[in-house]
Every structure is written in C-alpha cells, then in structure tokens.
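Student: Pasted the sequence and its predicted model underneath.
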Amino acid sequence: MDAQEFRRHGHDVVDWIADYLENSERYPVMSPRRPGETAALLPPHAPEQGEDMADILADFQRDILPGVTHWNHPRFFAYFPANNSAPSVLGEMLSAGLGVNAMLWQTSPAATELEQSVMSWLGELIGLPGPEAGGFHGVIQDTASTATLCALVCARERSTAFAINAAGPEGLAGAGPLRLYCSREAHSSVIKGAKIAGFGAAHVVLVDGDESRAMDPGDLDRRIRADVAEGLTPCCVVATVGTTGSTAIDPLDRIGPIARKHGLWLHVDAALAGSAAILPEKRWILNGIEHADSLVFNPHKWLFTNFDCSAYYVKDPAHLEQAMTINPDYLQTDFDPDVANFRDWGIPLGRRFRALKLWFVLRSYGARKLREMIAAHIELAAEFSRWVQADDQWELLAPVPLNTVCFRLRRNGWSEAECNVRNKELMDRVNAAGRIFLTHTTLEGRFALRMAIGQTQTRREHVVEAWEVLRSTASAPTSG
C-alpha cells in the first residue's frame with residue numbers, strides 16, 4: 001500500500017470512526033451472535049494473495065462488526081466503564097503510526113519524558129503526594145492486573161531481601177511461607193498475581209469486611225498476628241478502593257498503620273475508583289494513601305482514555321527497578337545513569353507509547369471538564385439508586401459511593417433462591433433485547449444486578465431508558 005492509497009483508505013476509516021462515535025446508539029449494545037457464528041464466516045486459511053483494502057473494510061462491517069459488543073455505547077452499563085474519546089483515538093492513531101517501542105529512554109526520548117510529565121500531572125489531579133514530598137513516582141502499565149503483579153513481586157523481594165529473585169523458592173529457607181492479605185471483595189487479579197508471583201493461592205488470606213463490605217482493619221490485624229504466631233511471614237496487604245462488585249472503599253487511613261506496624265508492603269488497587277479522586281469532594285477515598293507503597297488506577301476505566309492505559313505509582317522506584325531489572329549488554333546505553341528506562345519499571349521489555357493518548361485527553365478536555373463529566377456520572381448513579389429505593393418492588397443491595405448501583409427485583413412471596421433465579425432471568429431478557437447491557441455480582445449469596453454508569457456519551461436519558469426497560473421487562477410475562 002503506497003502513501004496515496006493509505007491516505008484514501010485512512011480517510012475512510014477516520015470517517016467511519018467519527019460516525020461510530022457519534023451514532024453508536026444505533027447498534028445493539030451486546031452482540032447477539034452465538035458462539036462460533038463469527039468464526040464460521042471466516043475462511044479456514046489466510047489468503048495466498050493480497051486483497052483489496054476496500055473489500056477488507058466491507059468484510060469488517062459485514063462479518064466482524066455484528067460480533068462486537070459496544071463498550072462505548074451510551075447504554076453500556078455492564079462490568080465497568082472502559083470509555084474512549086475522540087482525543088484519545090487521535091493520540092492512539094499517532095502512536096500506531098509512529099510505531100514507537102518505548103522500552104528505553106534512547107529508543108524514544110519523547111515517549112519517556114512525556115510519560116513522566118503526564119504521570120506527574122495525573123498524580124497531582126488526584127491529590128497524590130509527589131516525589132518532592134517523599135511521595136510517588138508514576139509509570140504507565142497495560143492493566144491493573146499487571147501493576148498489581150509488579151507490586152506483589154516488589155513486596156516479595158522486600159520481605160526476602162531479594163533472595164527469591166536470586167535463588168527461587170530456596171530463598172525462603174528458614175522462613176515461613178509469605179502471606180498476602182486482601183478483603184473478600186478484592187479483585188480476582190490479586191489471587192492470580194499471588195499464583196504467578198509464587199505466594200500460592202493457599203497463602204492469600206481473605207480478611208472479613210464491615211457492613212459496607214470494606215476490609216475490617218481489626219480482622220486484618222488479628223489475622224496478621226495469628227500468622228506470626230504460627231511461624232508464617234506476613235508480606236503484603238492489598239487494599240481496594242472501589243471493589244469490582246459493589247465499589248466498597250477499604251479504609252486506607254486505618255489499614256496503613258497496621259501494615260506499617262507489621263512491616264508489610266501496602267498496595268492500593270483503585271483501578272476503577274481512582275479517577276473519582278480528581279473531584280475534591282471525592283478525594284476522601286484516598287485518605288491514608290501516604291501509608292501506601294504502591295497504587296494503581298486506570299485512566300482507561302473512567303478517564304476517557306482508550307484501553308489500555310493503567311497508572312501505577314510507587315514510592316521507591318529504585319526498589320521496583322531492582323526487583324525488575326535484567327540488564328543484558330545489548331540494552332545498555334551511555335544515557336542510563338541519567339534517565340529512566342521504563343522497561344525496568346514493569347514486566348514486559350517492549351512498551352507502547354501510551355502516554356501520547358493520555359496527553360491528548362488531559363490537554364483536550366482540561367481538568368475542569370474531566371471533573372464535570374465524572375461528577376455527572378456519579379450523580380446519575382445516585383439518582384438511579386433513589387429510583388430503586390422509591391419503588392417497593394426493587395431493592396438496593398449496597399451503598400452507592402460512586403458510579404455503580406447494586407440492586408435487584410424483589411416481589412412478595414419470593415424466597416431468596418427464587419429471587420436469585422428471577423433476577424438472572426430478568427438480566428438475560430434485558431440483555432437479549434439489545435437496548436441496554438447489565439452484568440451482575442453476588443453479595444452475601446444474593447444475585448445483584450449491577451448498573452455501572454461511566455461511558456463517555458452516557459447521559460441522563462440513557463439512564464432513564466435503562467430504568468424503563470428494567471421495569472417494563474420485569475412486568476412483562478415470561479415465555480416460560
């Protein structure tokens with residue numbers, strides 16, 4: 001493809017994306033395709049000869065697009081926001097065009113230094129103490145799962161004086177197994193990270209929660225003391241600010257002193273909720289963050305930046321580098337003593353130029369507009385929760401501190417088991433209709449519908465429509 005042909009098809013693609021961003025409502029939110037339907041439309045082998053790009057783009061619309069679930073649809077209320085925006089798309093396009101591998105400062109000085117700047121901006125926006133105040137240094141990871149794994153490796157190496165990096169499991173000789181503590185509502189990536197980092201799932205200690213499902217600091221302290229008494233080695237606490245199930249907020253200001261007293265690494269998983277801290281009135285969610293060793297939150301979850309872009313902050317980057325660095329001769333440069341090489345700040349060697357799209361978002365919207373958009377989502381969630389509470393056929397199942405509402409349909413005479421079945425059926429019927437898309441969680445054995453409000457184009461009318469669809473579907477007779 002020469003430059004002229006690229007330009008022609010590039011204009012076609014940009015026009016299509018612009019139309020999509022403006023008119024995504026015309027699609028069903030969740031793809032109606034069944035397993036195998038898309039694969040059945042694809043040839044069994046790659047083409048021997050190149051094909052015309054116009055035909056490829058036509059096949060994309062005919063064969064691929066109907067199999068897409070539209071995460072940036074204004075009536076997408078499932079899982080968590082994974083919103084994009086036009087400025088972010090433009091930044092992503094430039095990043096793709098440049099094809100930068102930002103593994104070293106030398107491989108693209110602008111990529112490294114822009115990343116340092118935007119991470120400093122971002123930390124300031126959420127009220128994070130910066131390096132000049134003995135606070136946090138930032139780096140962009142792909143996802144919060146990767147960032148949490150980095151934190152667990154750092155915790156492991158601090159507890160063992162880097163003995164496991166050097167000697168593997170034998171580095172634990174003479175010490176009890178390392179123990180990791182998190183709430184029962186912590187994200188599944190914590191247990192997955194514990195498996196990969198060598199803690200073992202059996203050494204993940206699930207701490208009880210309070211009435212809001214946030215970690216109970218008293219129970220944390222008791223469990224740490226009990227482990228010490230049994231000859232085990234407490235290593236790390238993962239506190240969650242905004243749990244995936246119900247956005248419960250673990251109290252960092254009470255957990256932090258306990259972690260410090262026992263010498264544990266404190267990692268804070270604020271993957272979704274961290275973006276809300278750009279609002280001064282919501283900055284309380286990070287009260288006590290000064291006790292943490294590391295923090296992650298995802299601009300790709302609620303800050304209008306395309307997936308993937310995860311903001312990871314550490315207080316001691318030298319420790320992170322020592323835990324992660326492998327320094328073969330072919331990666332060494334004359335600049336190394338004076339610069340940050342971000343391949344030493346995470347797991348992969350290769351790194352995309354993610355800072356570019358985040359820079360575009362922060363500059364294009366500005367902090368004031370970003371605050372307004374997130375505040376609007378939080379108010380919509382509060383309003384939706386009030387509708388639920390005002391209707392005696394519906395029940396709110398968790399507090400609503402941010403943008404996620406957990407609720408269910410509850411009719412007189414239904415047992416708990418029947419209530420669970422009926423709400424699952426309701427969710428399936430609503431999703432199959434294609435107007436809105438919801439997912440669920442389980443809270444104390446109760447099947448809860450989850451309304452997660454946070455997509456870039458979501459407005460009040462979309463939330464109103466979701467409530468109308470839920471009520472009308474609940475009132476309609478089932479086919480069975």
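Tutor: Structure's in. What do you need? Numbers count the residues shown, from 1 in each chain.

Student: contacts and neighbour counts: CA atoms only from here.
Tutor: OK.

Student: Just the buried positions in the host helix or strand of Ala226, please.
Tutor: Applying DSSP states H and E as the criterion places Ala226 in helix 217-229. Of the residues in helix 217-229, those with enough neighbours to count as buried (16 or more other C-alpha atoms under 10 Å) are 217, 220-221, 223-224, 227.

Student: repeat for stretch 164-175
Tutor: Buried-residue list, stretch 164-175, by 16+ other C-alpha under 10 Å: 164-165, 171-172.

Student: would CSV of the residues you listed with pLDDT be doable?
Tutor: Rendered in CSV, the data for the buried residues of stretch 164-175 read as follows (pLDDT from 0 to 100):
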residue, pLDDT
Ile164, 91
Asn165, 92
Gly171, 79
Leu172, 80
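
Student: Tell me which of those fall in strands.
Tutor: Here DSSP state E is the test, and the buried residues of stretch 164-175 give no hits in strands at all.

Student: helix, strand or coil for Val296?
Tutor: Under the three-state scheme (DSSP: H, G, I helix; E, B strand; the rest coil), the conformation of Val296 reads as strand.

Student: For it, give me the pLDDT.
Tutor: The pLDDT attached to Val296 in the predicted structure is 98.

Student: Quick check: bridge partners of it?
Tutor: Beta bridges link Val296 to Asp269, Tyr312, judged by DSSP bridges.

Student: Correct me if wrong: it contacts Leu272.
Tutor: No - shown here, Val296 and Leu272 do not form a contact pair, counting by C-alpha atoms under 8 Å, at 9.3 Å.

Student: Neighbour count: the two, which is higher?
Tutor: Set side by side, Val296 and Leu272 show unequal neighbour counts under other C-alpha atoms under 10 Å, the larger going to Val296 at 30 against 27.

Student: measure that one to Leu380 for me?
Tutor: When distance is defined by C-alpha to C-alpha, to the nearest Å, Val296 is 25 Å away from Leu380.

Student: Show me where this protein has its strands.
Tutor: Listed in chain order, the strands of the chain (DSSP E) span 137-141, 178-183, 204-207, 233-240, 265-269, 294-297, 310-314, 394-396, 404-409, 439-443, 446-452.

Student: For these, give me CSV that also has distance to Gln322.
Tutor: CSV is the format used below for those (distance: least, C-alpha to C-alpha, whole Å):
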stretch, distance to Gln322
strand 137-141, 15
strand 178-183, 20
strand 204-207, 25
strand 233-240, 18
strand 265-269, 16
strand 294-297, 15
strand 310-314, 13
strand 394-396, 47
strand 404-409, 38
strand 439-443, 39
strand 446-452, 39
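
Student: Any idea how many residues pack against Pro328?
Tutor: 7.

Student: and what of Glu37?
Tutor: Other residues close to Glu37 by other C-alpha under 10 Å number 12.

Student: nearest residue to Ala194 other than its sequence neighbours?
Tutor: Ranked by C-alpha to C-alpha, 6 or more residues apart in numbering and with sequence neighbours excluded, the top spatial neighbour of Ala194 is Gly200, at 5.7 Å.

Student: before we move on, back to that, return the member of the buried residues of helix 217-229 nearest to Ile249.
Tutor: Among the buried residues of helix 217-229, Pro217 lies closest to Ile249 (C-alpha to C-alpha), at 12.3 Å.

Student: Leu264 contacts Cys235, correct?
Tutor: Yes - applying C-alpha under 8 Å as the test, Leu264 and Cys235 come out as touching, 5.0 Å apart.

Student: Show the model's pLDDT score for Gly480.
Tutor: 50.

Student: my bad, Asn83
Tutor: Among the per-residue scores, Asn83 holds a pLDDT of 89.

Student: What residues does it make contact with?
Tutor: Shown in contact with Asn83 (C-alpha atoms under 8 Å, 6 or more residues apart in numbering): 71-72, 300-307, 454-456.

Student: With that, I have no additional questions.
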